[in-house]
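In: here's a sequence, model it:
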Amino acid sequence: MQSLIGTGVALVTPFKKDFSVDIEALQRIVNFSIDGGVEYLVVMGTTAENATLTSEEKELVISTVIDVNKGRLPLVLGVGGNNTMQIVEELKTRDFSAFEAILSVSPYYNKPTQEGIYQHFKAIAEASPIPVILYNVPGRTSSNMLPSTVVRLANDFKNIVAIKEAAGDMAQALKLIKDAPKDFLVISGDDMIALPIVLAGGAGVISVIGQGFPKEFSEMIRLGLNKKAVEAFKTQYFLADCIDMIFEQGNPAGIKQIFQALGIAENVVRLPLVSVDDALAVRLNEFVKNSIK
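Out: Okay, here's the model as predicted:
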């Protein structure tokens with residue numbers, strides 16, 4: 001799918017100081033990402049703190065992004081969890097007309113076997129009216145979706161078109177790129193190794209830092225896709241310290257501090273997450289200040 005090549009950004013849900021959803025800030029974030037040149041937007045991923053949003057708030061965020069986007073970029077909707085039947089029911093009842101694909105995380109907490117993971121995504125693929133992007137993030141799910149399972153799913157279900165691979169394991173990413181069907185997309189879910197994955201044959205990234213620095217990060221990925229490694233790595237090394245910093249005290253606390261420094265949104269997260277401490281805030285603010293030309 002050409003529409004999923006390049007940089008997608010996993011949008012945050014901005015909050016006001018009273019912890020209510022900040023719709024105006026969300027509008028600014030969407031426009032900032034689009035104006036910065038990213039290729040697509042991911043709504044209701046884990047970066048959106050969807051675990052702490054009510055059903056009504058989720059629908060408000062989704063409708064706001066659709067309205068602000070106005071069809072300018074492809075949209076991907078996060079539809080995942082560890083209750084397979086519940087996900088299947090949502091896939092059968094939700095209107096997906098505004099979306100290009102769904103992003104579905106491997107089940108967390110339950111720790112299914114590889115066969116359990118396969119059967120979970122088999123049910124999702126059979127129910128989904130639009131293409132499916134698998135999401136492997138062992139650091140959050142406590143189970144790793146092995147390349148053999150991914151390749152099996154990709155071969156068995158034509159609407160499973162990609163994986164967001166966030167194991168942080170370059171060898172595993174390379175095996176996916178080598179073994180997956182020709183048109184299957186391996187998308188980095190790790191900002192720090194997104195460029196190496198792209199240079200190795202990956203399709204791009206679903207990024208956190210990309211919404212804070214959309215112009216720089218999306219251009220870096222485009223350079224990587226065009227195999228202009230030397231030029232691309234200049235941006236990689238420029239952003240590397242900031243990428244480390246935004247994840248130092250949890251996601252999305254770090255990227256929300258970037259947005260506060262940019263004057264786009266408050267650095268408010270909902271419990272059990274907390275905002276970055278003062279020392280990290282100073283370092284992030286200084287990076288933003290020095291990066292603005």
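In: now do the helices in the stretch 101-250 of the chain.
Out: 114-127, 138-141, 147-156, 170-179, 194-199, 214-225, 229-248 (DSSP state H, counting those that start in this stretch).
In: the last one - contacts with which helices or strands?
Out: Here helix 229-248 is seen to pack against helix 194-199, helix 214-225, helix 253-262, helix 278-291 when contacts are counted using 3 or more C-beta pairs under 8 Å, 6 or more residues apart in numbering; DSSP states H and E. (Glycine included, C-beta is placed from N, CA and C.)
In: and these as CSV, adding mean neighbour count?
Out: Conversion of the helices and strands packed on helix 229-248 to CSV gives the following (neighbours: other C-beta atoms under 10 Å):
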stretch, mean neighbour count
helix 194-199, 23
helix 214-225, 22
helix 253-262, 24
helix 278-291, 14
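In: flag every buried residue along stretch 260-272.
Out: Neighbour counts using 16 or more other C-beta atoms under 10 Å place 260, 261, 262, 264, 265, 266, 267, 268, 269 of stretch 260-272 among the buried residues.
In: endpoints of that stretch, how far apart?
Out: Stretch 260-272 has an end-to-end distance of 20 Å (criterion: C-alpha to C-alpha, to the nearest Å).
In: what average pLDDT does that stretch get?
Out: Per-residue pLDDT over stretch 260-272 has a mean of 98.
In: and for stretch 20-37?
Out: 98.
In: contact partners of it?
Out: Applying C-beta atoms under 8 Å, 6 or more residues apart in numbering, the contact partners of stretch 20-37 are 7, 9, 11-16, 41, 53, 57, 60-61, 64-65, 68-69, 72-73, 210-211, 213-215, 218-219, 259, 262, 264-266.
In: can you rerun that using 7 Å?
Out: Residues from elsewhere that reach stretch 20-37 (C-beta atoms under 7 Å, 6 or more residues apart in numbering): 9, 11-16, 41, 57, 60-61, 64-65, 68-69, 72-73, 211, 214-215, 218-219, 259, 264-266.
In: could you report the pLDDT at the closest residue to residue 206 other than its chain neighbours?
Out: Of all residues not flanking residue 206 in the chain, residue 8 sits nearest, at 4.5 Å (C-beta to C-beta, 6 or more residues apart in numbering). On the pLDDT scale, residue 8 is placed at 98.
In: relative to helix 214-225, how tilted is the host helix or strand of residue 8?
Out: For residue 8, the host element (DSSP states H and E) is strand 6-10. On the basis of axes from the mean of the first three to the mean of the last three C-alpha atoms, to 10 degrees, strand 6-10 is oriented at 140 degrees to helix 214-225.
In: low-confidence ranges, the stretch 151-293 of the chain, go.
Out: 293 (pLDDT under 70).
In: do that again at 90, thanks
Out: Scanning the stretch 151-293 of the chain for pLDDT under 90 picks out 292-293.
In: the closest residue to residue 144 other than its chain neighbours and residue 91, how far apart?
Out: Spatially, and ignoring its direct neighbours in sequence, residue 144 is nearest to residue 138 (4.2 Å; C-beta to C-beta, 6+ apart). Separation of residue 138 from residue 91 (C-beta to C-beta, to the nearest Å): 24 Å.
In: who's more crowded, these two?
Out: Shown here are residue 138 and residue 91; by other C-beta atoms under 10 Å, residue 91 has more neighbours (21 against 16).
In: contacting residues for the nearest residue to residue 262 once chain neighbours are set aside?
Out: Spatially, and ignoring its direct neighbours in sequence, residue 262 is nearest to residue 288 (6.2 Å; C-beta to C-beta, 6+ apart). For residue 288, the contact set (C-beta under 7 Å, 6+ apart) comprises 258, 261, 262.
In: element containing residue 270, please.
Out: Assessed by DSSP H and E, residue 270 sits outside every helix and strand.
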